[in-house]
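Q: I need the structure of the sequence given here:
(one chain, ligands or ions: 3)
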Amino acid sequence: MNRRKDEGSPSGGDMADARSGDGRGTDGRGLDDGEAGDRVLLRGVRPYGEGEPVDLLVAGGRIAEIGTDLSTDADEILHADGAIALPGFVDLHTHLREPGREDAETVETGSVAAALGGYTAVFAMANTDPVADNAVIVEHVWRRGREVGLVDVHPVGAVTVGLKGSELAELGTMARSAAGVRLFSDDGRCVDDPLLMRRALEYTRVFGGVVAQHAEEPRLTVQAQAHEGAQAARLGLTGWPAPAEESIVARDCMLAGHTAGTLHVCHVSTSGTAEFLRWWRSRDSTAAVSAEVTPHHLLLTDELLGNYDPVHKVNPPLRTDADVRALREALADGTVDCVATDHAPHAEQDKDCEWSAARPGMLGLQTALGVVMHTMVEPGLLDWRGVARVMSERPARIAGLADQGRPVAEGEPANLVLVDPGSRWTVRGADLASVSANTPFEGMELPGRIRATMLRGRITAHEGKVERAEMER
Ligand SMILES: NC(=O)N[C@@H](CC(=O)O)C(=O)O
Ligand SMILES: [Zn+2]
Ligand SMILES: [Zn+2]
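A: Ligands and ions are numbered 1, 2, ... in the order given. Predicted coordinates for the structure are as follows:
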């Protein structure tokens with residue numbers, strides 16, 4: 001993609017990593033509408049991959065005009081060469097590891113990975129050290145996200161104090177904090193006590209919050225290491241049975257219905273969960289229940305466990321071909337609302353060890369689109385409108401973000417991603433922006449390159465490099 005500061009100027013074509021002197025406000029973090037001062041012309045994009053290329057003029061953080069051959073006094077012109085324009089991706093499930101495990105990821109490195117992956121908003125899970133179970137921690141994460149300024153970082157608040165599952169955290173205080181927490185989760189652990197789950201659903205309802213459940217009945221997964229089935233038996237690994245997930249999903253749907261609370265099911269991994277959700281939503285279309293699936297559960301199976309490489313260890317575990325097929329179908333028909341990465345960076349020593357000692361989790365932010373294209377777009381299960389729905393619109397609505405997941409249309413916030421669907425790239429963990437390198441897609445060739453990501457009218461990533469606002473460093 002050819003990009004110039006000023007079309008026609010021969011010296012304007014270099015792709016500087018950092019931009020300067022462009023009249024942006026001194027805050028430079030671009031969190032409020034209208035902060036971005038630049039007028040940027042995106043020349044030749046195809047919204048949702050439909051029709052002939054058009055020009056998009058972005059001004060004041062919004063899409064000011066869409067048309068052909070817009071001639072303008074733009075500060076910056078980006079030649080998109082027919083790249084597909086979609087609303088910026090929103091990830092409801094990201095582990096940024098800060099505070100506590102900055103040797104695995106930080107808000108900054110995770111933000112870089114997010115921007116390069118096409119994301120304009122991510123939700124940072126609460127299983128940090130200390131746990132994000134109070135206003136001080138969530139405000140810290142939120143502020144760090146603003147300082148870095150590459151993606152909106154929304155902290156998730158813990159449901160229970162210290163993720164211990166015995167008493168509710170101060171949900172209301174986190175909701176009222178500067179971070180404005182709306183999503184609550186003990187992810188990494190299940191809120192297994194049904195009374196506590198009921199109370200969490202009741203309480204969050206008061207301020208429009210959502211409880212995101214890591215569905216895993218712990219009594220059924222003691223020492224579990226792999227999907228319970230033939231492969232685990234062959235490998236001598238203790239099984240993680242499908243009903244450990246399905247029983248909690250069923251229970252929580254019923255509790256959400258009973259309390260009129262709002263439930264979000266994290267990382268759905270079994271065909272049984274998909275089947276249950278389909279039935280539940282068909283009997284009550286107003287049910288306040290949503291669900292996500294990870295890219296890795298759309299592609300990988302427990303067949304990969306044969307060499308005991310812990311890069312394939314994840315919670316919930318990789319399951320079977322039949323599960324993968326059911327999850328793809330469920331995502332295509334809307335039973336599962338959205339894709340969430342469950343980006344889970346781990347330091348080398350926590351992954352490069354024997355299977356049973358390794359931490360579960362895999363990187364996801366920079367490979368999500370490629371895996372979704374490979375598993376959903378290429379087989380014809382989703383078109384580009386569908387990709388916009390599952391990676392941006394639905395997650396934004398679930399989390400109540402007003403300015404994300406909006407149509408690519410005049411007057412809308414310029415939170416955008418430009419995708420070149422025709423180019424392919426090979427995944428190398430060492431080249432990813434995360435501190436950690438634990439990608440299960442190592443060496444795989446994926447379709448779809450992110451040409452640029454734009455947050456409120458400011459380009460945050462371009463041709464594989466992030467662009468920081470001038471104030472940050
Ligand atoms: N998915 C994982 O395997 N690990 C996550 C926790 C979680 O999402 O349950 C982590 O924090 O590492
Ligand atoms: Zn989880
Ligand atoms: Zn997680």
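Q: can you list the residues of this protein near ligand 2?
A: For the chain, the residues in contact with ligand 2 under the definition C-beta under 5 Å from the ion are 187, 214. (C-beta placed from N, C-alpha, C; glycine too.)
Q: confidence score at residue 16?
A: Residue 16 is assigned 34 on the pLDDT scale.
Q: and residue 409, how many neighbours?
A: Around residue 409 there are 11 other residues, counting by other C-beta atoms under 10 Å.
Q: tell me what the residue nearest to it when sequence neighbours are not counted is bridged to.
A: Leaving aside its sequence neighbours, residue 409 sits nearest to residue 63 (C-beta to C-beta, 6 or more residues apart in numbering; 6.6 Å). Counting by DSSP bridges, residue 63 is bridged to residue 58.
Q: pretty sure residue 63 contacts residue 55?
A: No: with contacts counted by C-beta atoms under 8 Å, residue 63 stays clear of residue 55, the gap being 10.8 Å.
Q: out of those two, name the residue with the larger neighbour count.
A: Summary of the neighbour comparison: residue 63 and residue 55, criterion other C-beta under 10 Å, with residue 63 having more neighbours (26 against 20).
Q: check the gap between the more buried one and ligand 1 for me.
A: Distance check for residue 63 against ligand 1: by C-beta to the nearest ligand atom, to the nearest Å, it reads 35 Å.
Q: OK, contacts around that residue?
A: Contacts here follow C-beta atoms under 8 Å, 6 or more residues apart in numbering; on that basis residue 63 touches 56-57, 408-414, 416.
Q: care to break the protein down by domain?
A: With automatic domain parsing serving as the domain definition, the record reports that the chain contains domains spanning 2-86+441-466, 87-399.
Q: from one end of the longest one to the other, what's the distance?
A: Between the opening and closing residues of domain 87-399 lies a distance of 16 Å (C-alpha to C-alpha, to the nearest Å).
Q: hmm, that domain touching ligand 3?
A: Yes: figure legend: domain 87-399 in contact with ligand 3 (C-beta under 5 Å from the ion); contacting residues 187, 342.
Q: is ligand 1 within reach of that domain?
A: Yes: among the residues of domain 87-399, 95, 127, 187-188, 214, 314-315, 342, 344, 359-361 lie within reach of ligand 1 under C-beta under 6 Å from any ligand atom.
Q: where does residue 79 fall, phi/psi-wise?
A: With angles defined as degrees, to the nearest 10, residue 79 sits at phi -90, psi 110.
Q: isn't it right up against residue 41?
A: No: under the criterion of C-beta under 8 Å, residue 79 is not in contact with residue 41, lying 9.3 Å apart.
Q: in terms of neighbours, single out the busier of those two.
A: Neighbour count, other C-beta under 10 Å: between residue 79 and residue 41, residue 41 has more, with 25 against 18.
Q: let's see which of the contacts of residue 63 end up in strands.
A: In strands, defined here by DSSP state E, the members of the contacts of residue 63 are 56-57, 416.
Q: least confident of the domains of the chain, on average?
A: Per-stretch averages of pLDDT across these put domain 2-86+441-466 at the bottom, with a mean of 77.
Q: isn't there a helix covering residue 202?
A: Yes: the assignment for residue 202 is a helix, going by DSSP: H, G, I helix; E, B strand; the rest coil.
Q: which ones are touching it?
A: Going by C-beta under 8 Å, 6+ apart, residue 202 touches 259, 261.
Q: distance check, it against residue 250.
A: From residue 202 across to residue 250, the span is 19 Å (C-beta to C-beta, to the nearest Å).
Q: cool, and residue 264?
A: The separation that residue 264 has from residue 250, given C-beta to C-beta, amounts to 15 Å.
Q: the more surrounded of those two?
A: The residue with more neighbours, out of residue 264 and residue 250 and counting by other C-beta under 10 Å, is residue 264; that gives 26 against 18.
Q: strands of the stretch 251-400 of the chain, start to end?
A: Shown for the stretch 251-400 of the chain, the strands assigned by DSSP state E, counting those that start in this stretch span residues 263-265, 289-293, 338-339.
Q: next, residue 451: phi, psi?
A: Summarising the backbone geometry of residue 451 under the convention degrees, to the nearest 10, its torsions are phi -80, psi -40.
Q: and the residue of the stretch 101-250 of the chain closest to ligand 1?
A: residue 188 (3.9 Å; C-beta to the nearest ligand atom).
Q: any idea how many residues pack against that residue?
A: Residues lying near residue 188 (other C-beta under 10 Å) number 21.
Q: if you drop the residues flanking it in sequence, what lies closest to it?
A: Beyond its immediate neighbours in the sequence, the residue positioned closest to residue 188 (C-beta to C-beta, 6+ apart) is residue 127, lying 3.9 Å away.
Q: touching, residue 277 and residue 333? I think so.
A: No: using C-beta under 8 Å, residue 277 makes no contact with residue 333, being 10.7 Å away.
Q: higher neighbour count, the two?
A: Neighbour count, other C-beta under 10 Å: between residue 277 and residue 333, residue 277 has more, with 24 against 11.
Q: now do the contacts for the residue nearest to the more buried one when sequence neighbours are not counted.
A: The spatial neighbour of residue 277 that comes closest, neighbours along the chain excluded (C-beta to C-beta, 6+ apart), is residue 335 at 5.3 Å. When the contact criterion is C-beta under 8 Å, 6+ apart, the partners of residue 335 are 274, 277-278, 281, 291, 329.
Q: state the distance from residue 335 to residue 216.
A: Counting by C-beta to C-beta, the gap from residue 335 to residue 216 is 20 Å.
Q: give the contact list for residue 311.
A: 351, 362, 438-440, 442.
Q: cool, residue 158 as well?
A: For residue 158, the residues meeting the contact criterion (C-beta under 8 Å, 6+ apart) are 126-127, 131-133, 169, 184-186.
Q: which one of these is nearest to residue 235?
A: Each of the contacts of residue 158 was checked against residue 235 using C-beta to C-beta; the closest is residue 127, at 27.2 Å.
Q: quick one: that closest one and residue 95 touch, right?
A: Yes: contact criterion C-beta under 8 Å: residue 127 and residue 95 qualify, at 7.0 Å.
Q: please say which of the two ends up with more neighbours.
A: The residue with the greater number of neighbours, taking residue 127 and residue 95 and applying other C-beta under 10 Å, is residue 95; the counts read 27 against 22.
Q: from what I can see that one touches residue 123, true?
A: No: judged on C-beta under 8 Å, residue 95 makes no contact with residue 123 at a distance of 10.1 Å.
Q: burial check on the closest residue to ligand 2 within the stretch 151-300 of the chain, number of neighbours?
A: Closest approach of the stretch 151-300 of the chain to ligand 2 (C-beta to the ion) occurs at residue 214, with a separation of 3.6 Å. A total of 25 residues lie near residue 214 under the criterion other C-beta under 10 Å.
Q: which parts of the chain are helices?
A: 107-116, 135-148, 171-176, 194-206, 230-235, 242-259, 271-283, 295-299, 321-332, 348-351, 368-372, 384-388, 394-399 (DSSP state H).
Q: name all residues that make contact with residue 457.
A: Contacts of residue 457 were listed using C-beta under 8 Å, 6+ apart, and they are 30, 36, 38, 40, 58-62, 414.
Q: ok, those residues vs ligand 1, which is closest?
A: For the contacts of residue 457, with ligand 1 as the reference and C-beta to the nearest ligand atom as the criterion, the closest is residue 30, at 28.7 Å.
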